[in-house]
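Engineer: sequence plus predicted model, see below.
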Amino acid sequence: MLVIVKRWYQLISLCITSLLLAACGQAQLPSGLVYCSEGNPESFNPQLVTSGTTIDATSHQIYSRLVNYSQAKAEIIPGLATQWQMSEDGLSYQFTLREHVSFHKTRRFTPSRDFNADDVLFSFNRIINPLHPYHLVSRTGYPFFQSIGFAELIESIEKVNDYQVIFHLTRKDASFLSNLATDFAVILSAEYGYQLLSEGKPEDIDFFAVGTGPFQLSQYVKNEYIRYKKHPVYWGPTVELDQLVFDITPRSTARIAKLITGDCSVSALPKAGELAVLNQHPDVIVDAKPGLNVSFWAFNTQKPPLNDVRVRRALAHAIDKQNILEAVYNDTAVEATGVLPPASWAYSKNLSPNDYNPQKAIELLKQAGVNQLSIDVWAMPVARIYNPSALKTAELIQADLARIGVKLNIISYDWSVFTQKLSASNYDSVLIGWNADNSDPDNFFTPLLSCAALESNNNRSRWCQKDFEHLLTQAQSVSSQPERKAFYQSAEAIISDQVPMVTLAHAKKVVLKKNNITAMQIRPYGGISFAKAIQTSEEGE
Amino acid sequence: MWRYLFRRITLFVATSLVMIAVLFIATGLFPANKAYSLSGIQYPTALQQQQIELDYQLNDNALLQFTAYLRQRLSGNLGISSNSQQSVAGELASVLPASFELSLFSGFIAVFFGVPIGVIAALSRNKMLQHSILAFTLTGYSMPVFWLGLTLAMWLGVNLGWLPISGQINLLYEIEPVTGFMLVDTLLSESTYRIPAFHDALLHLILPAVTLAVLPFTLVVRITRQAMINVMNQTYIRAAEARGLHTFKILVRHALPNALIPVLKSIGLMLGSFASYGIVVEVIFSWPGVGSWLVSGIYQRDYTVIQAGILSVSLLIIFLSILIELLHTAINPMSRKELYASH
């Protein structure tokens, strides 16, 4: 009897040891990097979308742009265009294109020629010319380009020769180059486009993408992964990674778990509250970079009692922003004193911020002759990069205002209902924010507080002021950075004085990565880029 | 025996029909247009609308609609997923093997470790050992699987970092699906990283499989023990002992086969709860099988996916239960006797 028992014991212990051995051995991995992304891309063409998830998966991996923006140098740097010249009147830009740039070779498409002016014309005419064969292939339109009035801005695009293109503009626009450097202004292959057209499958251009970027799209399995292969003849600096995989993991906790267990090396959008668990994992780096965004509390300046500037100033003085930074952002944000974040080149220290001073707030309210004030605040129901929890922020503001005798009612709807109701504009105030599309400072003012934005219902403060408007137009028409900076500084001063909104915080952009990933930079705005990432070999256990 | 087989097959068909009928009625109750919940096409063109009405006979009475539904579903037309716009049948075929892999591996763990431990619990004279095995299995049996899964993931995955806790394999290994079984596919692949990939897939399998194996394992231990005690008291065992046979031979040749018959039966009874535990485990460990596919379909109100998930899981359970019952009858002399005597 004992013999059998012993035999089984031996067998079982053998099994357990073999399993344990399997568990402890160091697996050998193919070269490459896995990025835990937060969702499925809607398409593989950034021209058609504004969602960050899609931009992350496409713009800087598959495509290149004519020009890029360098955060370090704070200027526009060459991309597919090696140099450019603005005409004296500022109405035309001539680009010299890079030679010997090849498109990806895929299963469906073998490029017969290098990148040239035809591809530039193809890519931009698709956006601006309704007669272009691909213009209507997009079911979603071209939201970014529509929002900046790109089609009206460009009069025509002229091909001088294969490597010279001229953009003719209808008016001066200092942000034109910045807009070409956004993640949306990518270059497609004209040859591929016409091949697909003759095959009768034009919509494939946005899904089986071909570009000139550092990685080429290899395989996409919805809800599972996107696989990219290194582009063997990339025009830019050598790509170190042989492959790049986006592991689509919608749950934030699962992304962190995968990072810890080594199933991915870089992970997106962690929740601030979950970062504490990473303290016990020294091999995971929390990489936080200042972001180009702002969260704010906008007052409906057309509705009493908030049409009285003294009331708005009083409310601005009543809010303890430090408290919000700690409780809502877990210190992953910096306090906002104006609209522009410190990461913008036009940022300068606000000389007259509305600092936290409840006593002053009470006095201002007394001056305004308002007592028993009760206002509503609409708080967005979803987490955004600029504000992980608007509801929590609203509760903190509620407590602050109670201290100066103001009652605040928090109102929240489901996200889609919320945005619809916002357009109806019958709110008192709203907690929302803004994430920049490009590095140009104008992106923080015109879409948010201009009179044009009031008409298109994006001006949450329902505020339109002549002096302010004048400053913005002037700032757009000059191109020297110091001059523009001065204009924006004056614009900030007006906002500080008139308080159409109280800016709360500039959230940092947080990416988690393993410490063996180096040379990967996070940019303050726009999509993630893996072109320069290097994965050093795993250290032994 | 043939008559019995025939009766079982009729039972299978009848149960499946009832199940599909319930599913059909439930589909009608979805808060959506019927054509949409049946086909998954949210905004059909006029031509598609016509085709859907023709396929599902939407303009006829309920009975005809049901037969049309039956015809479509059984011929493999499960509609398209409104979320991914791909054929549901294709998606199902891609997620089913992962679930099979997980359940087979867990079943293997349960039986491989459960039977010997059950035998030990039955034969050991050591009260201490007996009681501790019983206490251990009772604890395992009463532990909720979602808690166990999360605890194991937290402990072995997040805190110690020993085992991966999510997915089937590190995605850097590019494995072409051939059979759909990741362990087999890694070995079949022509990549130079075949062996490390297999190793990695095995590591990914351990935690979910162990979590899922706990319930059947405890049941197998307890039932093996009970059956073994019964069998060892039979006169033929004593006769064998009296003839001086080796204990091992008695055990393996005479006692175990008879003791395993009730184990088989209990596995058949356990299939339903095993499947629902499987769904929970798949969701916890992001295992790309039917379970997590079905749950994400439920979250996204993907009606065709919900139907296909329920249909496939329930049909499988019905089929396997009846198969196990057949096997049980085939190898169990007692029930064969019953069969001839009374049926």
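Structural biologist: The structure has been received and is ready for your questions.

Engineer: list the contacts of the residue of the stretch 251-400 of chain A found nearest chain B.
Structural biologist: Going by C-beta to the nearest C-beta, chain B is nearest to A:T261 of the stretch 251-400 of chain A, at 4.4 Å. (Glycine included, C-beta is placed from N, CA and C.) By C-beta atoms under 8 Å, 6 or more residues apart in numbering or on different chains, the contact list for A:T261 reads B:G157, B:V158, B:G161, B:L163, B:P164, B:I165, B:S166.

Engineer: at 7 Å instead, please
Structural biologist: Going by C-beta atoms under 7 Å, 6 or more residues apart in numbering or on different chains, A:T261 touches B:G157, B:G161, B:P164, B:I165.

Engineer: wait, isn't the last one in contact with B:L152?
Structural biologist: Put plainly, it is B:I165. No - B:I165 lies out of contact with B:L152 (C-beta atoms under 7 Å); the separation is 8.0 Å.

Engineer: make CSV out of the contacts of A:T261 and add pLDDT, distance to chain A and neighbour count.
Structural biologist: Formatted as CSV, the contacts of A:T261 follow (pLDDT from 0 to 100; distance: C-beta to the nearest C-beta, whole Å; neighbours: other C-beta atoms under 10 Å in any protein chain shown):
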residue, pLDDT, distance to chain A, neighbour count
B:G157, 84, 5, 21
B:G161, 79, 6, 16
B:P164, 88, 4, 28
B:I165, 87, 6, 27
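
Engineer: and those residues as a markdown table, adding secondary structure?
Structural biologist: Output for these, formatted as a markdown table (DSSP: H, G, I helix; E, B strand; the rest coil):
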| residue | secondary structure |
| --- | --- |
| B:G157 | helix |
| B:G161 | coil |
| B:P164 | coil |
| B:I165 | coil |
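
Engineer: ok, so of these, who is nearest A:F530?
Structural biologist: Proximity of the contacts of A:T261 to A:F530 (C-beta to C-beta) peaks at B:P164, which lies at 22.1 Å.

Engineer: read off the pLDDT value for A:F487.
Structural biologist: pLDDT, A:F487: 90.

Engineer: ok, back up a step: overlap in contacts, B:I165 and B:L152.
Structural biologist: Shared contacts of B:I165 and B:L152 (C-beta under 7 Å, 6+ apart): B:L207.

Engineer: return the set of buried residues in stretch A:126-136.
Structural biologist: Buried positions in stretch A:126-136, judged by neighbour count with 16 or more other C-beta atoms under 10 Å in any protein chain shown: A:R126, A:I127, A:I128, A:N129, A:H132, A:Y134.

Engineer: same thing with stretch A:144-157?
Structural biologist: A:F144, A:F145, A:I148, A:F150, A:L153, A:I154, A:I157.

Engineer: want to throw the buried residues of stretch A:126-136 into JSON lines with pLDDT?
Structural biologist: As requested, the buried residues of stretch A:126-136 are exported to JSON lines (pLDDT from 0 to 100):
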{"residue": "A:R126", "pLDDT": "92"}
{"residue": "A:I127", "pLDDT": "90"}
{"residue": "A:I128", "pLDDT": "89"}
{"residue": "A:N129", "pLDDT": "89"}
{"residue": "A:H132", "pLDDT": "90"}
{"residue": "A:Y134", "pLDDT": "90"}
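
Engineer: could I get the residues you listed as CSV with distance to A:E274 and secondary structure?
Structural biologist: Shown next, in CSV, are the buried residues of stretch A:126-136 (distance: C-beta to C-beta, whole Å; DSSP: H, G, I helix; E, B strand; the rest coil):
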residue, distance to A:E274, secondary structure
A:R126, 41, helix
A:I127, 39, helix
A:I128, 44, helix
A:N129, 47, coil
A:H132, 46, coil
A:Y134, 42, coil
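
Engineer: need the residues you listed in JSON lines (columns: distance to chain B).
Structural biologist: Converted to JSON lines, those look like this (distance: C-beta to the nearest C-beta, whole Å):
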{"residue": "A:R126", "distance to chain B": "24"}
{"residue": "A:I127", "distance to chain B": "26"}
{"residue": "A:I128", "distance to chain B": "29"}
{"residue": "A:N129", "distance to chain B": "28"}
{"residue": "A:H132", "distance to chain B": "25"}
{"residue": "A:Y134", "distance to chain B": "21"}
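
Engineer: and these, which two are furthest apart?
Structural biologist: Of all pairs in the buried residues of stretch A:126-136, the most separated under C-beta to C-beta is A:I128 and A:Y134 at 11.8 Å.

Engineer: of the buried residues of stretch A:144-157, which one scores lowest on pLDDT?
Structural biologist: Confidence-wise, A:I148 trails the rest of the buried residues of stretch A:144-157, at 74.

Engineer: I'd guessed it sits against A:T182; true?
Structural biologist: No - contact criterion C-beta under 7 Å: A:I148 and A:T182 do not qualify, at 9.1 Å.

Engineer: centroid residue for the chain?
Structural biologist: No chain in the question, so chain A it is. The residue lying closest to the centre of chain A (C-alpha atoms, centre = their mean) is A:G526, at 3.6 Å.

Engineer: try chain B instead
Structural biologist: Centroid check for chain B by C-alpha atoms, centre = their mean gives B:A275 as the closest residue, at 4.7 Å.

Engineer: can you give me the neighbour number for B:A62?
Structural biologist: 10 (other C-beta atoms under 10 Å in any protein chain shown).

Engineer: for A:I410, same thing?
Structural biologist: A count of neighbours around A:I410, defined by other C-beta under 10 Å, yields 16.

Engineer: follow-up on the earlier one: how about the residue nearest to the centre of chain A: what's its closest non-neighbour residue?
Structural biologist: A:D183 (4.5 Å; C-beta to C-beta, 6 or more residues apart in numbering or on different chains).

Engineer: now the one you found: how far from A:W297?
Structural biologist: 29 Å (C-beta to C-beta, to the nearest Å).

Engineer: so does stretch A:240-249 get close to chain B?
Structural biologist: Yes - Stretch A:240-249 is in contact with chain B by C-beta under 7 Å from any C-beta of the partner chain, via A:Q243, A:V245, A:D247.

Engineer: and what about the residue lying closest to A:C451 once chain neighbours are set aside, helix, strand or coil?
Structural biologist: Nearest non-adjacent residue to A:C451, counting by C-beta to C-beta, 6+ apart: A:C464, 3.9 Å away. For A:C464, the assignment made with three-state DSSP gives coil.

Engineer: ok, and what's touching stretch A:46-59?
Structural biologist: With C-beta under 7 Å, 6+ apart as the test, stretch A:46-59 has contacts from A:37-39, A:41-45, A:63, A:127, A:138, A:140, A:142-144, A:183-184, A:186, A:206, A:209, A:226, A:246, A:526-528.

Engineer: give me that answer again for 6 Å
Structural biologist: With contact meaning C-beta atoms under 6 Å, 6 or more residues apart in numbering or on different chains, stretch A:46-59 is reached by A:39, A:41-42, A:44, A:138, A:140, A:142-144, A:183-184, A:186, A:226, A:246, A:527-528.

Engineer: mind listing what's buried along that stretch?
Structural biologist: Buried residues in stretch A:46-59 (16+ other C-beta under 10 Å): A:46-50, A:52-59.

Engineer: tell me what the helix or strand harbouring B:G291 is packed against?
Structural biologist: In this assignment (DSSP states H and E), B:G291 forms part of helix B:290-299. In terms of contacts (3 or more C-beta pairs under 6 Å, 6 or more residues apart in numbering or on different chains; DSSP states H and E), helix B:290-299 is packed against helix B:88-123, helix B:256-284, helix B:303-331.

Engineer: in contact with B:F30, which residues are there?
Structural biologist: Listed by C-beta under 6 Å, 6+ apart, the contact set of B:F30 reads B:S37, B:Y303.
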